[in-house]
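S.K.: from the sequence below, what's the structure:
(one chain, ligands or ions: 1)
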Amino acid sequence: MSFERGLHCAVACRTVKRRSWIALPLFCLIGTFGVVHHAVANESLQIVDARVPAADKEGGDLPLTMTIKNEADSADVLLRVRCPVANFSERHIVDRGEGAPAMRSISNIPVPAKTTLELKRDGYHVMLLQLRQALAPGETFKCAVVFQKAGTIETEVQVQK
Ligand SMILES: [Cu+2]
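M.R.: Residues are numbered from 1 along each chain as shown. Just a heads-up that it's a prediction; the model follows:
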């Protein structure tokens, strides 16, 4: 993450044509350190086992599941998820009434303090909408998961059979 950011900065430093050779590198240095500091702050909240089922064509929707470990003393909230393989994403919950279980869109997913929360198809999960590509088993892609307190956490998602 910080390496990527550094790379961006290095490119930016080279392409910007102006005389202030000190100002931009200094800005980049601060930017890189900012990311490192951010990563340290995120250690109390971790994402593991992020996965989606395979998809043989683009255009469809897929449930994205993961395990969120919140070791912090305070509750957090999953606000949104951005994945390059889908145009949109929603937070979903599954309602069980008298009829068949049905998914419903919700504004966010609560993550209680000191809890491991398992997102799954028949409970809280993230729905990727309008897939931009087919996804074969074994492939991986990265998504940014945004929390209210922990900030943005990038996680690798595994495509399953
Ligand atoms: Cu759903």
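S.K.: what's the distance between Pro84 and Leu45?
M.R.: 22 Å (C-beta to C-beta, to the nearest Å). C-beta here means a position set from N, CA and C on the backbone, and glycine is covered the same way.
S.K.: quick one: which of those two has more around it?
M.R.: Per other C-beta atoms under 10 Å, whichever of Pro84 and Leu45 has more neighbours is Leu45, with 20 against 10.
S.K.: quick one: the helices in this structure, in order.
M.R.: 2-15, 23-41 (DSSP state H).
S.K.: rank those helices by mean pLDDT and give me the bottom one.
M.R.: If you rank the helices of the chain by mean pLDDT, helix 2-15 sits at the bottom with a mean of 43.
S.K.: in the chain, where is pLDDT below threshold?
M.R.: The model of the chain has pLDDT under 70 over residues 1-42.
S.K.: quick check: residues of the chain near the ion?
M.R.: Contact residues, the chain versus the ion (C-beta under 5 Å from the ion): 92, 103, 127.
S.K.: who wins on neighbours among those?
M.R.: Neighbour counts for the residues of the chain next to the ion (other C-beta under 10 Å) peak at His92, which has 22 neighbours.
S.K.: which residues does the residue lying closest to Met66 once chain neighbours are set aside contact?
M.R.: Distances taken as C-beta to C-beta, 6 or more residues apart in numbering place Ala50 nearest to Met66, at 3.9 Å, with adjacent residues excluded. For Ala50, the contacting residues are 64-66, 143, 155-158, by C-beta atoms under 8 Å, 6 or more residues apart in numbering.
S.K.: good, we can wrap up now.
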